[in-house]
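Colleague: Sharing a model prediction with you, sequence too.
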Amino acid sequence: MGVTELGKLIPDNLRRRIDFNQLNGRVIALDAYNALYQFLASIRQPDGTPLMDSQGRVTSHLSGLLYRTINLLEYGVKPVYVFDGKPPELKLLEIEKRRRVREKAVEEWVKAMEEGRRTEARKYAQRALFITNDMVDEAKRLLDRMGVPWVQAPSEGEAQAAYMASRGVVWAAGSQDYDSLLFGSPKLVRNLTISGRRKLPGKDEYVEVNPELIELGDVLKALKLRDRAQLIDLAIILGTDYNPDGVPGIGPQRALRLVQEHGSLDKLLNTVLKNAQFPVDPFKIREFFLNPPVNQNVEVNFKEPDEDGVVKLLVEEHDFSEDRVKNALERLKKSMNKVKGSTTLDSFFG
């Protein structure tokens with residue numbers, strides 16, 4: 001979320017548009033929270049409220065997780081969802097800031113609904129996204145019953161996904177954010193969970209969103225950076241999840257020139273940026289990106305779907321349509337068999 005400005009420096013020719021056929025047989029570690037937020041934002045009723053069951057419990061995340069995962073499997077993509085663990089202390093200020101923003105959005109949404117401003121209400125509702133512990137637990141239960149693996153990270157999910165990609169456990173990390181590159185993933189695949197025809201925010205226009213592949217080595221070469229540490233220093237100047245505002249007054253191009261010319265944040269803070277203020281120690285941020293806590297012993301095993309378990313969770317507990325869920329399960333079984341026969345991995349089912 002915090003490295004949006006860094007993305008502006010990545011040349012378009014390094015954002016390789018790919019189709020799903022090129023990902024056939026690939027195992028990709030998906031940022032689970034990133035995906036769940038996308039499902040909550042996009043799967044909503046006309047007034048902006050998420051899908052809910054008869055008890056008022058949100059179900060948009062379960063609907064998105066079920067159908068989008070099946071779509072990926074039908075394309076031959078093997079998703080592994082990686083969940084965030086305990087957030088680092090470096091991020092606590094940003095987490096609190098986001099909480100206040102969401103609470104304000106809830107207030108504005110209620111007000112807009114009371115005044116009949118439905119278009120604005122939907123906009124505010126999409127900003128008022130909260131993922132609860134119950135939602136996360138339900139998502140994990142659904143994945144278990146679908147036979148799709150998930151990994152619990154000790155801290156940042158993107159750090160764990162990047163570690164898995166760097167060690168060859170998976171082919172790439174999948175996320176909308178660029179943090180995976182800072183954490184060292186050799187490959188980042190974007191738009192996996194939002195590909196297709198999508199409405200532009202705040203406009204009555206639609207665009208076709210395709211997956212794109214970005215490679216860390218290509219980015220470093222194009223930006224003329226020596227190594228990942230320099231890329232991290234660049235991101236710190238522009239803003240990360242741990243110092244969202246970056247250094248005020250310095251845009252992407254100037255920040256890049258400063259890193260290229262001076263070589264490191266250490267030298268910059270002793271010269272050009274000696275008056276720069278950071279909410280947390282920038283060197284602790286750099287160290288966290290270079291050496292984040294990760295689970296080094298990860299196994300990725302797909303299993304046969306538990307059809308009765310999926311029906312119980314979605315139909316009996318959350319009022320999903322039984323016919324639709326059973327149709328989805330038929331697709332799931334077929335797609336699992338299809339991926340099982342892929343030659344990319346020696347063994348698919350554990």
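Modeller: Everything's here; your move. Residues are numbered from 1 along each chain as shown.
Colleague: distance between the ends of stretch 249-269?
Modeller: Chord length of stretch 249-269, first to last residue, is 15 Å (Cα to Cα, to the nearest Å).
Colleague: Residues contacting that stretch, please?
Modeller: Where contact means Cβ atoms under 8 Å, 6 or more residues apart in numbering, the residues beyond stretch 249-269 that reach it are 5-6, 8-9, 223-226, 229-230, 233-234, 236-238, 246-247, 271-273, 276, 282-283, 286. Heads up, the C-betas are built off the backbone N, CA and C, glycines and all.
Colleague: filter these to the buried ones?
Modeller: Listed as buried from those are 5-6, 9, 223, 225, 229-230, 233-234, 236-238, 246-247, 273, 276, 282, 286; burial here means 16 or more other Cβ atoms under 10 Å.
Colleague: So which of those residues are in helices?
Modeller: Counting by DSSP state H, the part of the buried ones among the contacts of stretch 249-269 found in helices is 5-6, 229-230, 233-234, 236-238, 282, 286.
Colleague: what about the strands in the chain?
Modeller: With DSSP state E as the criterion, the chain has strands at 16-17, 27-31, 78-83, 150-152, 172-174, 187-190, 196-199, 206-209, 212-215.
Colleague: how far is the last one from where the chain is centred?
Modeller: Taking the mean of its C-alpha atoms, strand 212-215 sits 14 Å from the chain's own mean (Cα atoms, centre = their mean, to the nearest Å).
Colleague: quick one: average pLDDT of it?
Modeller: Averaged across strand 212-215, pLDDT comes to 97.
Colleague: And that strand, what's buried?
Modeller: For strand 212-215, by 16+ other Cβ under 10 Å, it's 212-215.
Colleague: Neighbours of Asp245, how many?
Modeller: 12 (other Cβ atoms under 10 Å).
Colleague: where does the closest residue to it other than its chain neighbours land on pLDDT?
Modeller: In space, and not counting its chain neighbours, Asp245 is closest to Gly239: 5.7 Å by Cβ to Cβ, 6 or more residues apart in numbering. Gly239 is assigned 93 on the pLDDT scale.
Colleague: In contact with Gly239, which residues are there?
Modeller: 2-5, 245-246.
Colleague: Now the phi/psi pair for it, please.
Modeller: Torsion angles at Gly239 (phi, psi; degrees, to the nearest 10) stand at phi 120, psi 130.
Colleague: How much space separates the residue nearest to Val310 when sequence neighbours are not counted from Leu36?
Modeller: Using Cβ to Cβ, 6+ apart and skipping the chain neighbours, the partner closest in space to Val310 is Arg145 (4.7 Å). Arg145 sits 17 Å away from Leu36, going by Cβ to Cβ, to the nearest Å.
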